[in-house]
Structures are given as C-alpha cells and as structure tokens.
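Undergrad: here is the input, now give the coordinates:
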Amino acid sequence: MTATPLLRVSNLSVHFDRTARPAVDSVSFEVAAGECLAIVGESGSGKSVTARSLLGLAPAGAHVSFSELSLAGESLPAPGARRWRTIRGASIGLVLQDALVSLDPLRPVGREIDDVLRLHTTLSQRERQARVLELLDAVGIPDPALRARQRSGELSGGLRQRALIAAGIAAGPALIIADEPTTALDVTVQARVLELLSSLRNSGTAMILITHDLAVVSRIADRVAVMSAGRIVETGATKALLRAPTTAATQQLLAAIPVDVPRGTLLALPSDAEAVTLPDTSASAGAATTAAAATATAAGSPLPALELRGVSRHYPTPHGAAIQALDNVSLTLTSGTTLGLVGQSGSGKTTIARIALGLETADSGEVLLAGHEWGSLSSRERRPLRPTLGAIYQDALSSFDPRLSVEHILTDALSAGASANHQSLTTPDELLDAVGLPRAVKNRRPLLLSGGQRQRVAIARALAPGPQTILCDEPVSSLDVSTQARVLNLLDELQRHLHLSYLFISHDLGVIRHMSDRVAVINEGRIVETGPTDEIFFAPQHPYTRSLIAALPRVRG
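TA: Purely as a prediction, here's the structure:
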C-alpha cells in the first residue's frame with residue numbers, strides 16, 4: 001500500500017476455548033482512507049468474527065488479543081470499554097446482514113436513523129428529518145416519507161436492509177464495516193447500493209466489506225483478503241486475485257458461483273463435500289408417476305403441481321390508501337419442474353409464497369394444488385392436503401424452535417402426517433442421510449449448527465411428510481457460495497430422485513437461471529413476463545426484465 005493506513009490491524013486473534021484452534025488466528029491487514037478491502041471466505045472462516053472484533057463486539061466468551069488495533073493513529077479501546085459508544089456510528093459505521101434483528105421492531109425506521117444523527121451530529125431536528133429522507137432515498141427506498149414512518153415489520157427484507165445501510169452511513173464515519181450488506185437485495189437495488197458505497201469510498205471513506213458474493217467484490221473492492229480456518233490465506237489486488245487465484249480456498253469459491261452454469265449441471269464442490277444417500281424410491285415413484293399420468297390422460301393435458309389464476313391481494317395501511325401487493329397474478333408450475341420467480345424487493349414474491357402455502361387468502365382469484373381447489377379452503381379442509389406441499393425458508397434458524405434438538409424437529413415433522421405420495425424417508429436418520437448430514441447432528445440444537453447445516457435440516461424437515469411440491473423462498477440467499485453450491489446441488493438431486501416440483505423464489509438471477517426450467521418475472525405486483533429460462537435470459541421482451549438481466553452481477557477478473 002502506498003497510502004497512509006487509516007486502520008491498522010496486527011496479529012488479531014480470537015479464542016473461544018484456549019485449548020481449541022482460534023476462530024481468528026494472527027490476522028493482520030491495513031485499510032487506507034478511500035480504499036475498500038473485501039474479506040471473503042466460507043461460513044465459519046472467521047471473517048465476521050474479525051469484523052465484530054474491530055468494533056469491540058466480539059461474541060460473549062471470546063478472548064481477543066492483538067499487537068496493534070488503531071484508527072487514524074489512535075489505539076482502539078478494549079472490548080466493552082465505554083469509549084466505544086462514541087466511536088461506533090461516529091468514527092466506524094456498521095452495516096449488518098440481519099436487518100430484522102438489528103432494527104428495533106417497536107420504532108419507525110426513520111427514528112432509528114435519526115438517533116444516529118442526534119447522537120453523533122449537531123444537526124437540528126428539522127435538519128435531521130430532512131437528512132433521514134435523503135438517506136432513505138440514497139439507498140433506493142421508494143416513497144421515503146412513508147417508509148420513514150413504518151416499523152421494520154412493515155417492510156420487506158430488502159427494504160429493511162436498505163434502511164439499515166442508511167443508519168450505518170448516516171453520521172459519515174471514516175470507516176464503514178459492511179457485513180454482507182447486499183445479501184437481501186435484488187440486482188437492481190444492489191447495483192444502486194454499490195454505487196452509493198463506491199461514492200462514499202471515492203470521497204475518502206475507508207471500507208471493509210465482508211461478503212461471500214465475489215461479483216460484489218469485483219465491483220467495489222480494491223483489494224481482497226481470503227480467509228480460511230481463521231487465517232488470511234491469500235491477499236492481493238482484486239482483479240489480479242480473481243483472475244489468477246493461487247490457493248485452493250479461493251479457487252473453490254470461484255468454482256461454486258452459479259452464474260452462467262446451465263440448468264442440470266452440478267456446481268463444483270470441494271473434495272470433502274458431504275455425500276448424499278437417497279433411498280430407493282423406484283416403486284413408489286413409479287406408482288406416483290402412473291397415477292399422475294392417468295390423471296393427465298383423463299384431463300387431456302399435464303396436471304400442474306400448483307396454479308394461481310388471476311390472484312389479487314391488497315393490504316390496508318394505517319396511513320390511508322391500501323397497498324396493492326398482487327394484481328391479477330397467474331402462474332403455472334408444471335409437475336416435476338422448477339418455476340423460478342424473480343423480482344425486486346417489495347414486488348410481491350413473498351405475498352405469492354404466503355398465498356400459495358395457504359397462510360393468506362387472496363382477495364380474488366383461484367389457487368389450485370395438484371388440480372384441486374386450495375386457496376378457498378378452510379384450515380380444516382386444507383389439513384389433509386398440507387403434507388403434499390412443503391416449504392423451505394431463507395432464515396432457517398428463525399423457523400426452528402431453538403429449544404428442540406434436530407431429532408425432535410424432524411420427528412415432529414414426520415408425525416404431522418404424510419402425503420399419499422410419501423416416499424421411504426420415514427426416520428430422522430434417513431432424512432439426515434438424504435440431505436448429506438451426519439447422523440450425530442440429530443443430538444444438536446439449531447443454534448449449534450452452521451448456516452449450511454441448518455438449511456439442510458430445513459430441507460429435511462420439508463421432505464418429512466413426502467411432499468409433491470416444495471416452495472423455496474430465498475433458500476440460499478444467506479449462504480456463502482460454497483455452501484450455496486452444496487444446497488443447490490442437493491435440491492437438484494432430490495428433485496430428480498423424488499420427482500419434486502419447486503416454486504423457487506429468489507432475487508438472485510444467477511441462482512434462478514441455474515435452477516429453473518421456466519421463469520416468471522414480477523414487478524409491482526404484476527407478472528410482466530414468463531417463459532423458458534433461456535428465452536428470459538437471452539431474449540427478454542419486457543423492459544423491466546431487460547433491466548434485471550443487464551444488472552446481473554458477474555465476477556470481473
């Protein structure tokens with residue numbers, strides 16, 4: 001580096017158990033004003049622990065040691081010191097991935113941002129109010145005046161994440177630590193946020209970007225440090241490192257990226273990837289196929305696994321006019337295939353998911369499950385059909401009871417009922433085998449599992465009743481690229497072996513293209529384009545679809 005470092009980190013180590021290998025092991029790096037350093041690596045590599053340690057926020061029970069930890073020539077205080085209250089937000093801004101946890105659910109998001117300004121600036125109340133709206137607009141939040149009055153629970157995941165970014169940059173800190181800041185954002189909003197972060201960097205703000213998204217890294221980072229097992233194993237200028245990585249850890253991260261990997265092609269994995277053991281379901285699968293064929297023959301056409309016909313949904317607001325979440329939406333998921341549903345945050349994807357699952361009722365339109373009425377049924381009428389429809393969510397940890405072991409979670413799922421198409425996955429051990437997890441995992445609670453392990457348990461739970469259709473709502477958006485590749489390969493294998501149908505919802509166009517047979521594009525509650533995956537990606541017809549494809553991030557080596 002030629003510029004004078006703003007942040008110096010020398011021999012940073014973090015131990016949770018003095019007898020075990022450290023979570024962060026003698027890590028050293030520097031960041032200059034106006035420079036972005038990206039720290040990348042698999043889940044558990046130590047990158048987030050490193051970032052939190054720089055803010056005095058190492059997890060409870062951690063022992064932090066270092067030779068030097070300084071900002072602008074001043075030593076940073078020890079963890080827990082009162083001086084951190086004047087440093088965080090003012091000198092060092094923090095943007096975390098989990099906006100739902102980070103934002104106060106009882107206060108409007110505008111108040112959250114205003115608190116940063118009130119504590120760390122001399123702006124008047126009127127100036128702060130104007131600045132809040134400027135910040136919300138800068139991070140791509142539509143109608144800032146309305147959103148500033150809403151609480152985090154009233155916003156989509158993408159809108160919450162953008163509000164959190166606005167709070168992190170509000171006081172103009174000299175250093176911003178961004179831990180997966182664009183994970184929950186669609187490609188168009190992601191591009192806008194990256195432009196904002198780039199402008200901050202260009203104006204002299206130093207930045208540490210913690211991410212598993214190498215396409216984001218290639219857009220904004222000046223240098224990259226690759227972490228593995230708590231150590232920095234490779235570092236260098238971004239373009240040079242991505243073009244010619246020298247370590248296996250970096251090569252594996254690049255090989256696992258799904259962008260431009262065609263449908264049906266398994267993603268590259270490390271040699272130690274978990275094996276998947278699927279049972280022989282040929283007899284039951286043959287019976288299911290025969291029954292489906294008979295129904296299709298009788299009807300004269302293939303029977304869709306899931307169908308929405310002219311579905312609309314409005315939500316009242318405490319501030320006046322209702323919000324139209326869905327407007328005359330029609331979708332058809334063909335049995336045994338994957339329909340990808342893509343659109344920006346707030347476009348209506350999650351509302352479709354909730355209506356398809358029977359968790360909400362549409363204002364108008366029909367929902368059919370395997371050709372039978374589903375949307376208008378009562379909860380009691382739906383109960384016998386529920387095992388045929390499964391779901392995998394983005395945040396597996398929040399969807400589990402933290403008090404229960406994995407075995408208890410899977411046993412509960414198995415005892416909830418089974419579909420007529422139930423395969424031979426009838427015990428927790430068989431479910432764990434099917435998703436490539438060691439059977440010893442069944443004795444652990446979800447909090448003690450890695451993100452990838454938790455997501456595999458979520459898939460096992462969804463498989464337990466023997467569903468014919470599974471709704472996947474952002475199932476890999478919070479995972480690093482290697483873990484994401486494992487999960488996507490697993491879903492592919494399960495679909496082929498168990499003849500599953502997937503409605504795959506994601507804002508990640510690379511994942512959508514890799515996983516989908518057909519794609520539906522939604523914008524402002526309306527389906528604007530539907531077609532085979534290659535047609536959507538190579539010959540998009542609607543201007544909105546073209547804008548999405550143009551914004552698809554790719555690694556630039």
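Undergrad: quick one: contacts for R380?
TA: By CB atoms under 8 Å, 6 or more residues apart in numbering, R380 lies in contact with nothing. Every residue, glycine included, has its C-beta placed from N, CA and C.
Undergrad: show the model's pLDDT score for it.
TA: Per-residue confidence (pLDDT) for R380: 91.
Undergrad: how about the strands of the stretch 151-300 of the chain, start to end?
TA: In the stretch 151-300 of the chain, the strands defined using DSSP state E, counting those that start in this stretch lie at 175-179, 206-210, 223-228, 231-237.
Undergrad: correction: the previous question concerned the stretch 451-557 of the chain.
TA: With DSSP E, counting those that start in this stretch as the criterion, the stretch 451-557 of the chain has strands spanning 469-473, 501-505, 518-523, 526-532.
Undergrad: for these, give me TSV that also has mean neighbour count and mean pLDDT.
TA: Listed next are the strands of the stretch 451-557 of the chain as TSV, based on neighbours: other CB atoms under 10 Å; pLDDT from 0 to 100:
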stretch	mean neighbour count	mean pLDDT
strand 469-473	24	95
strand 501-505	25	97
strand 518-523	23	96
strand 526-532	18	97
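Undergrad: the ones you listed into JSON lines, with extra columns for distance to A178?
TA: As requested, these are exported to JSON lines (distance: least, CB to CB, whole Å):
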{"stretch": "strand 469-473", "distance to A178": "25"}
{"stretch": "strand 501-505", "distance to A178": "25"}
{"stretch": "strand 518-523", "distance to A178": "27"}
{"stretch": "strand 526-532", "distance to A178": "31"}
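Undergrad: ok, which of these comes nearest E74?
TA: strand 469-473 (45.4 Å; CB to CB).
Undergrad: any chance you could list what contacts that closest one?
TA: 305-306, 333, 349-350, 353, 356-357, 369-370, 388-394, 462, 491, 500-506.
Undergrad: switch to 7 Å and redo it
TA: 305-306, 333, 350, 353, 356-357, 388-394, 462, 500-505 (CB atoms under 7 Å, 6 or more residues apart in numbering).
Undergrad: ok, now stretch 88-106?
TA: 55, 71, 109, 112, 116, 119-120, 151-153, 160-161, 163-165, 168-169, 171, 173-181, 183.
Undergrad: do the same with stretch 504-516
TA: In contact with stretch 504-516 (CB under 7 Å, 6+ apart) are residues 185-187, 258-259, 261, 263, 338-342, 344-345, 349, 353, 472-474, 476-477, 488, 519, 533, 537, 548, 552.
Undergrad: likewise stretch 7-19?
TA: In contact with stretch 7-19 (CB under 7 Å, 6+ apart) are residues 22-31, 49-50, 53-54, 58, 61-71, 175, 206.
Undergrad: follow-up on the earlier one: nearest to Q252, of the strands of the stretch 151-300 of the chain?
TA: The nearest among those, by CB to CB, is strand 223-228 at 9.4 Å.
Undergrad: now for the closest one, which elements pack on it?
TA: strand 36-40, strand 231-237, helix 238-243, helix 248-255 (3 or more CB pairs under 7 Å, 6 or more residues apart in numbering; DSSP states H and E).
Undergrad: where does the stretch 301-450 of the chain dip in pLDDT?
TA: Within the stretch 301-450 of the chain, the segments meeting pLDDT under 70 span 301-302, 319-320, 417-424.
Undergrad: could I get the full set of helices for it?
TA: Applying DSSP state H, counting those that start in this stretch to the stretch 301-450 of the chain gives helices spanning 349-356, 379-382, 396-399, 406-415, 428-434.
Undergrad: show me what contacts the residue nearest the centre of the chain?
TA: Central residue of the chain (CA atoms, centre = their mean): S477, 2.4 Å from the mean position. By CB under 7 Å, 6+ apart, the contact set of S477 is T183, A184, Q394, S506, D508.
Undergrad: which one of these is nearest P428?
TA: Q394 (23.5 Å).
Undergrad: how near is the spatially closest residue to that closest one that is not a sequence neighbour to D508?
TA: Spatial nearest neighbour of Q394, excluding adjacent residues (CB to CB, 6 or more residues apart in numbering): E474 at 3.7 Å. From E474 across to D508, the span is 8 Å (CB to CB, to the nearest Å).
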